[in-house]
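Chemist: Everything below, folded, please.
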Amino acid sequence: MSLAALCLGGAGAAQAWEPTKPVEIVVPFSAGGATDQMARSIQGIITKHKLMKQAIVVQNKAGASGAEGLLDMKASTGDAHKIVASSSGLYTVPLATGLPFNWRDLTPIAMVAQDQFVLWVNSDSPYKTVGDYLAAVKKSPETFKMGGTSSKREDHMITAMIEKKAGVKFTYIPYKGGGEAATQLSGKHIDSNINNPSESVGQWRAGQHRALCLLSQTRSSYKEKVTETQSWSDIPTCKEQGLDVEYEMVRVFLLPGKVPAEAVKFYEDLFQKVVATPEWKAYVEKNALKPTVAVGPALKDFLEKDEKAHKEIMSYAGFMAK
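Modeler: This next block holds a predicted model:
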């Protein structure tokens with residue numbers, strides 16, 4: 001369906017309910033990370049195509065590993081002018097900390113993509129394959145520093161899975177966001193990180209970071225060259241290299257709880273217009289995202305299954321709150 005058709009199709013619903021003041025997108029992470037970049041890209045698309053009459057602003061509320069933003073949303077019950085841009089932190093933060101928050105406290109609007117993860121090292125390091133790197137880590141337990149976003153979240157979970165599968169031990173260094181983890185790797189303050197493609201694409205293109213492997217079941221489908229010699233599809237999966245670890249993360253937007261059904265319909269239509277734009281399709285390819293879109297019952301069913309899978313991983317990693 002074309003963008004024009006979607007705009008026309010959404011017009012009837014928009015007449016029933018529309019924002020009456022600026023809409024705030026809450027990003028429960030620091031500026032520069034993948035979630036922040038996505039929220040600001042969507043803000044730009046909505047503004048460029050005039051998909052909403054009111055302004056839309058992005059607010060970073062990154063305190064307490066994302067708990068600040070989630071609790072802010074929980075406390076905003078009934079406010080249909082506030083949206084959270086979230087990830088699987090919806091499950092991992094309360095599971096790891098005992099935070100009195102459940103994603104069911106909010107109202108899911110739309111999943112717009114799934115994000116992948118790459119094991120990165122500094123390009124000046126001698127490690128060309130994940131096997132080379134893990135062999136060195138195995139010889140010197142807890143001397144290699146793995147950076148990532150927050151503790152007991154996606155990057156830390158993946159690190160724990162790598163440790164168990166490979167029989168190695170890192171010193172994990174948590175940062176507020178992937179942008180900071182990328183900067184620390186460029187400065188050689190850490191030896192590796194588990195960043196999403198969008199968080200390190202600039203450093204990869206600049207020749208500062210080397211991609212050892214993709215933590216997904218299959219290689220990326222994007223074949224256009226990003227660096228002088230490599231496309232996303234040129235990065236081997238970790239499983240191809242003998243490290244049987246894979247993980248993908250939901251990119252999802254939610255309203256507070258107890259908002260009018262008309263408002264939910266407005267935002268579902270809005271996000272379907274966003275994902276139909278050429279700018280969004282270019283963003284998805286540039287950042288090697290999997291363009292997985294779901295709304296309504298399909299989205300709730302996905303979140304139920306994804307939460308169950310995360311409980312299993314968190315238990316496996318020993319990250320569940322006592």
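
Chemist: CA atoms for contacts and neighbours, from now on please.
Modeler: OK.

Chemist: quick check: mean pLDDT across stretch 259-267?
Modeler: Throughout stretch 259-267, pLDDT has a mean value of 97.

Chemist: list the buried ones in that stretch?
Modeler: 259, 262-267 (16 or more other CA atoms under 10 Å).

Chemist: So, low pLDDT: which residues of this structure?
Modeler: 1-15 (pLDDT under 70).

Chemist: please redo it, this time with the cut-off set to 50
Modeler: Across the chain, residues meeting the criterion (pLDDT under 50) sit at 1-14.

Chemist: re earlier: could you tell me which of the buried residues of stretch 259-267 are located in helices?
Modeler: Of the positions in these, 262-267 sit in helices, assigned by DSSP state H.

Chemist: of those, closest to residue 195?
Modeler: Closest approach between these and residue 195, by CA to CA: residue 267, at 29.2 Å.

Chemist: Could you report the neighbour count for the residue lying closest to the closest one once chain neighbours are set aside?
Modeler: Excluding the flanking residues, the one nearest residue 267 by CA to CA, 6 or more residues apart in numbering is residue 109, at 6.6 Å. Using other CA atoms under 10 Å, residue 109 is surrounded by 26 other residues.

Chemist: quick one: residue 109 and residue 256 touch, right?
Modeler: No - between residue 109 and residue 256 there is no contact under CA atoms under 8 Å: 10.1 Å.

Chemist: right, and out of the buried residues of stretch 259-267, which lies closest to residue 281?
Modeler: For the buried residues of stretch 259-267, the nearest to residue 281 is residue 267 (19.0 Å; CA to CA).

Chemist: That closest one reaches residue 107, doesn't it?
Modeler: No - applying CA under 8 Å as the test, residue 267 and residue 107 come out as separate, 10.9 Å apart.

Chemist: Can you show me the strands along the stretch 51-200 of the chain?
Modeler: 56-60, 82-86, 107-115, 118-122, 145-149, 171-175, 192-195 (DSSP state E, counting those that start in this stretch).

Chemist: most packed of those?
Modeler: Mean neighbours per residue, mean count of other CA atoms under 10 Å, is largest over those for strand 192-195, with a mean of 28.

Chemist: and that strand, how far out from the chain's middle?
Modeler: Its chain's C-alpha centre and that of strand 192-195 lie 14 Å apart, by CA atoms, centre = their mean, to the nearest Å.

Chemist: tell me what that strand is packed against?
Modeler: Contacts defined by 3 or more CA pairs under 8 Å, 6 or more residues apart in numbering; DSSP states H and E place strand 192-195 against strand 118-122, strand 145-149, helix 154-166, helix 178-186.

Chemist: how about 7 Å then?
Modeler: On a contact count with 3 or more CA pairs under 7 Å, 6 or more residues apart in numbering; DSSP states H and E, strand 192-195 meets strand 118-122, strand 145-149, helix 178-186.

Chemist: partners of it, with directions?
Modeler: Strand 192-195 has the following sheet partners, assigned by DSSP bridges: strand 118-122 (antiparallel), strand 145-149 (parallel).

Chemist: How about residue 53: what's its closest non-neighbour residue?
Modeler: residue 19 (7.8 Å).

Chemist: repeat for residue 162
Modeler: Nearest to residue 162 is residue 245, by CA to CA, 6+ apart, at 6.6 Å.

Chemist: In contact with the one you found, which residues are there?
Modeler: Counting by CA atoms under 7 Å, 6 or more residues apart in numbering, residue 245 makes contact with 161-162, 215, 238-239.

Chemist: so which of those residues comes closest to residue 79?
Modeler: Nearest member of the contacts of residue 245 to residue 79, counting by CA to CA, is residue 215, at 37.3 Å.

Chemist: Count the neighbours of the closest one for me.
Modeler: Count around residue 215 with other CA under 10 Å applied: 24.

Chemist: swap in the one 3 residues further on?
Modeler: Burial of residue 218 is recorded as 14 neighbouring residues (other CA under 10 Å).

Chemist: Please identify the helix or strand for it.
Modeler: Under the criterion of DSSP states H and E, residue 218 resides outside all helices and strands.
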